[in-house]
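# Return atomic coordinates for the entry below.
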Amino acid sequence: MVASRLRAPARLTWTLVGAYLAVLWLAPVSYSKLIFGHSLGADIEMFVLSGVMVVIAFTLIIVFNARLLTVIIQRGSSPRYTATTVLTALTVACFAAGLAMGDAGDGTGELLYLFGGVLAIGAAVAFAAVRFPRMAPALKMGIAYPLANRFRTGMAIAMFSLIIFSLSTFGAVNASFVSMLTADGGWDIIATASRNTASTDIGAALREAGAPVAGDIAAVGRVTTFTGYSQARVAGKEYKAFPVLAADGAFFAMPDSKLGSWARGYENERAVFDAVAGRSNLAIVDPSVLPDGFNDYDFQIDVAVEDDRFEPFELQVTDARTRQETTFTVIGVLAIQVQPQYTAGIYVNNAAYRQAFGEPEYLRGYVKLNDGVKAKDAAQQIEAALVSHGIQAESTRVLLDESVQEQNTFIRMFQGFMGLGLFTGVAALGVIAFRSVTERRQQIGMLRAIGYQTGSISLTFMLESGFIALMGILSGVVGGMIIARNLFTSGQFAGPAASSSRSRGRRFWSSLRWLSWFRCS
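The predicted structure is shown next:
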């Protein structure tokens, strides 16, 4: 009794220390900014420090409070399924709240899905303890024995947690960047014809050739290619060679076309496309001209994008042959992230291009396929059917995967090294469990004497190792996802195009899908 009273203050103290560290490093606000008015400068070492602190915080909370888990496996309480019912209700509440929030809250809704998954594990354990009576004693022993030596158990949990934290955060950040850099803009295939092609209308050419793939095409939007004569600049700056491209009505009318951001004053993406299609002084640009973009023409525009919106800005373009100058107001940025050699340019309607550069020659087609059609196969069929026309077709998904292949390889190399560490940790845990069987013969005899069956004792040893591994995995995943969410919303490592709440929510949701397997999406 006296020892229990002495341990209670220590348990409370270390729990409060862990809770303080967790709040300090996982809170979505910067305490230094609240206190000093600005964030303290830091580099990549803050990621390492935050990981260590989060792991310490969760480990302290777990090892000094894990005995509370035995409450959910009590069989003598009435009604018997109270713990299961409560945990199931909390699980459903988390999933419902996450579904209701969607992309709102900068990824908070997605975190609720994660918390719901953790609660679902607890509900399953509580149900198993009540439904299968022989499991309850083994579950209690599986939790109680590791907590008899908190330091050893805490170190084992921290080891697992630190590795899983690193894997989770790296995977989520990489998946976020991949999601940001692999937007297809609503198009499935990009087909380009040579200048001596007899017919540049891909849909008509396929129908004329009798190609079966013609029936798989939902829409084709045509654009011109860079002729080498167009130049562009922001008012007051030097002209630089940059494509000014004409797009036909089908390109602007395609209902699935997407914008990464658009000008204030326009309700949605469709309003922007309709405005550019109907007015000759408006234009759309590709994302390579934004400050965080890149293109082969070294042409960037200093524009601030906030919550998918920006102030309309003007660009001056000229024809190097005639020196005729035209001014366009940019009101949208395409969402497609294919290599700039395909998409870089200022997109205007047919009439505007004809007035500034003459009759357009549409040599590139953006193809939208019917649902269920594989873009890679369709692109190969288009090339085979129109080989005599000199048309080359590429799947946008293939192009996007190629653009991020180098980054994925680099990240996966780090994940491979960390995964090796995790494998070593699992092997070490197995060795510890094997040694426990031989070193705890007296305890096993006592358990057998009080009525434990052989299967229950074997299950107890398995659950002891499972408890350590599960606590490490859950704390690492939860801590890693919260840190990743805070990184996405901080704006410290993403450009202007990534600062919008909606985009952050979408990318964080895509990063959580990575959790289904420890790999990059």
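
# Return the set of buried residues in the longest helix along the chain.
For the chain, the longest helix by residue count, based on DSSP state H, is helix 454-490. Using 16 or more other C-beta atoms under 10 Å as the burial criterion, the residues of helix 454-490 that qualify are 456-457, 459-461, 463-465, 467-469, 471-489. For glycine as for every other residue, the C-beta is placed from the backbone atoms N, C-alpha and C.

# What's the first helix or strand after the lengthiest strand in the chain?
The longest strand of the chain (DSSP state E) is strand 325-334. Once the chain leaves strand 325-334, the next helix or strand it forms, by DSSP states H and E, is helix 340-343.

# How far does that following helix sit from its chain's centre?
In terms of C-alpha atoms, centre = their mean, to the nearest Å, the gap separating the centre of helix 340-343 from the centre of its chain is 24 Å.

# can you list contacts of it?
190, 192, 286, 288, 293-296, 334, 336, 364, 394, 399 (C-beta atoms under 8 Å, 6 or more residues apart in numbering).

# got the CA coordinates for that helix in CSV?
Provided in CSV are the C-alpha atoms of helix 340-343 (Å, rounded to 0.1, in the frame of the first residue of the first chain):
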residue,chain,number,x,y,z
PRO,A,340,7.4,21.8,-68.9
GLN,A,341,8.6,20.8,-72.4
TYR,A,342,5.0,19.6,-73.0
THR,A,343,2.9,22.2,-71.1
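
# buried set for that helix?
340, 342-343.

# avg pLDDT for it?
Helix 340-343 shows a mean pLDDT of 84.

# so what does whichever helix or strand comes after it touch, helix or strand wise?
Next helix or strand after helix 340-343 toward the C-terminus (DSSP H and E): strand 346-349. For strand 346-349, the elements it packs on are strand 244-247, helix 249-253, helix 269-278, strand 282-285, strand 325-334, judged by 3 or more C-beta pairs under 8 Å, 6 or more residues apart in numbering; DSSP states H and E.

# surely I143 meets I72?
No: in this structure, I143 is not within contact of I72 by C-beta atoms under 8 Å, at 10.3 Å.

# JSON lines for the helices and strands packed on strand 346-349, including mean pLDDT and mean neighbour count?
Shown next, in JSON lines, are the helices and strands packed on strand 346-349 (pLDDT from 0 to 100; neighbours: other C-beta atoms under 10 Å):
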{"stretch": "strand 244-247", "mean pLDDT": "92", "mean neighbour count": "26"}
{"stretch": "helix 249-253", "mean pLDDT": "89", "mean neighbour count": "18"}
{"stretch": "helix 269-278", "mean pLDDT": "91", "mean neighbour count": "18"}
{"stretch": "strand 282-285", "mean pLDDT": "92", "mean neighbour count": "25"}
{"stretch": "strand 325-334", "mean pLDDT": "91", "mean neighbour count": "20"}
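
# Make TSV from these and add distance to G210 to it.
As requested, the helices and strands packed on strand 346-349 are exported to TSV (distance: least, C-beta to C-beta, whole Å):
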stretch	distance to G210
strand 244-247	28
helix 249-253	22
helix 269-278	32
strand 282-285	35
strand 325-334	33
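
# Of the contacts of helix 340-343, which belong to helices?
Among the contacts of helix 340-343, DSSP H puts L399 in helices.

# pLDDT check: weakest of the contacts of helix 340-343?
Scanning these for pLDDT, the low point is G293. It has 77.

# correct me, but that residue touches P287?
Yes: using C-beta under 8 Å, G293 is in contact with P287, at 5.3 Å.

# can you list the domains in this protein?
Following automatic domain parsing, one finds the domains of the chain at 64-182+405-516, 189-403.

# Take those and lay them out in CSV including distance to V17.
Output for the domains of the chain, formatted as CSV (distance: least, C-beta to C-beta, whole Å):
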stretch, distance to V17
domain 64-182+405-516, 9
domain 189-403, 38
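
# where does the stretch 151-300 of the chain have low pLDDT?
Where the stretch 151-300 of the chain drops to pLDDT under 70, the residues are 177-184, 197-200.

# Next: the stretch 1-150 of the chain.
Counting by pLDDT under 70, the stretch 1-150 of the chain contains low-confidence ranges at 1-8, 10-11, 14, 20-47, 73-80, 102-107.

# Break down it into its helices, ranges please.
For the stretch 1-150 of the chain, helices defined by DSSP state H, counting those that start in this stretch occupy the ranges 2-26, 31-36, 45-65, 82-101, 108-131, 135-148, 150-181.

# Pull out the buried positions in the fifth one.
By neighbour count, with 16+ other C-beta under 10 Å as the criterion, the buried positions of helix 108-131 are 108-120, 122-123, 125-127, 129-130.

# next one: the last one
Counting neighbours by 16+ other C-beta under 10 Å, one finds that the buried residues in helix 150-181 are 150, 153-154, 156-180.

# Which other helices and strands does that helix contact?
Partner elements for helix 150-181 (3+ C-beta pairs under 8 Å, 6+ apart): helix 45-65, helix 405-439, helix 454-490, helix 501-512.

# which residues sit against the helix or strand following the second one?
Per DSSP H and E, helix 405-439 leads on to helix 441-449 as the next helix or strand towards the C-terminus. The contact list for helix 441-449, computed with C-beta under 8 Å, 6+ apart, reads 141, 437, 454, 456-457, 460.

# quick one: pLDDT of the nearest residue to T454 once chain neighbours are set aside?
Counting by C-beta to C-beta, 6 or more residues apart in numbering, R448 is the residue found nearest to T454 once chain neighbours are left out, at 7.9 Å. If you check R448, the pLDDT there is 77.

# give me the number of residues near R448?
By other C-beta atoms under 10 Å, the residues close to R448 number 13.

# Check G358 too.
G358: 14 surrounding residues under other C-beta under 10 Å.

# so how far is Q316 from it?
Counting by C-beta to C-beta, to the nearest Å, the gap from G358 to Q316 is 18 Å.

# what's the closest non-adjacent residue to I382?
The nearest residue in space to I382 (C-beta to C-beta, 6+ apart) is A393, at 4.2 Å.

# is it true that that neighbour touches A384?
No: counting by C-beta under 8 Å, A384 is not a contact partner of A393; they are 9.4 Å apart.

# Show me what L369 bridges to in the sheet.
I217 (DSSP bridges).

# got the contact list for it?
188-189, 216-218, 375, 378.

# So which of those residues is surrounded by the most neighbours?
Top of these by neighbour count (other C-beta under 10 Å): I189, with 27 neighbours.

# For that one, name its beta-bridge partners.
Residues in beta-bridge contact with I189 (DSSP bridges): V367, S395.

# from what I can see it touches E383, true?
No: in this structure, I189 is not within contact of E383 by C-beta under 8 Å, at 10.0 Å.

# Now do the phi/psi pair for P360.
Main-chain dihedrals, P360, degrees, to the nearest 10: phi -80, psi 150.
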